[in-house]
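**Q** Structural data only, the sequence is not supplied:
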């Protein structure tokens, strides 16, 4: 049986991807300690922020507001390229398990773009003593 998957169309769809993805991250041997050590007991607030971010990016419903650079909280994470590769593997798999279409493709593209940018910036700050601007 070949079932056609729907595209991401609303906030409930965004929440499904975000919740499913971070559930995988929290269990993943390579990623769980990085995320759980930083986020600790603030998972509900983190998830809410991710809902708003993706709602703004994918649905053009401008609910995400962040003062300063979204990169700053990530600047000193103990991560290398393998962490980003695993993050992307789980991210793509989660999107593809649940949705197909233009917005699903955009979500994967945006995730890859963010992973590449964050990795590049983290590597830069490891090698340079400057502090990221807020």
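**A** Nice, I can see it. Remember, it's a predicted structure, so these values are computed and weren't measured experimentally.

**Q** The residue nearest to the spatial centre of the chain sits in which helix or strand?
**A** Central residue of the chain (Cα atoms, centre = their mean): residue 111, 6.1 Å from the mean position. Assigned by DSSP states H and E, residue 111 belongs to helix 102-127.

**Q** Report the mean per-residue pLDDT for that helix.
**A** Mean per-residue pLDDT for helix 102-127: 90.

**Q** can you check stretch 57-74 too?
**A** The pLDDT scores in stretch 57-74 average 74.

**Q** picking that back up, any figure for the gap between the residue nearest to the centre of the chain and residue 117?
**A** According to Cβ to Cβ, to the nearest Å, residue 111 and residue 117 sit 11 Å apart. The C-beta positions use only the backbone N, C-alpha and C, and glycine is treated the same way.

**Q** One more: residue 99?
**A** Distance from residue 99 to residue 117, by Cβ to Cβ: 23 Å.

**Q** Residue 80 too?
**A** Noted for residue 80: a distance of 15 Å to residue 117, by Cβ to Cβ.

**Q** Repeat that for residue 84.
**A** Note on residue 84: its distance to residue 117, by Cβ to Cβ, is 10 Å.
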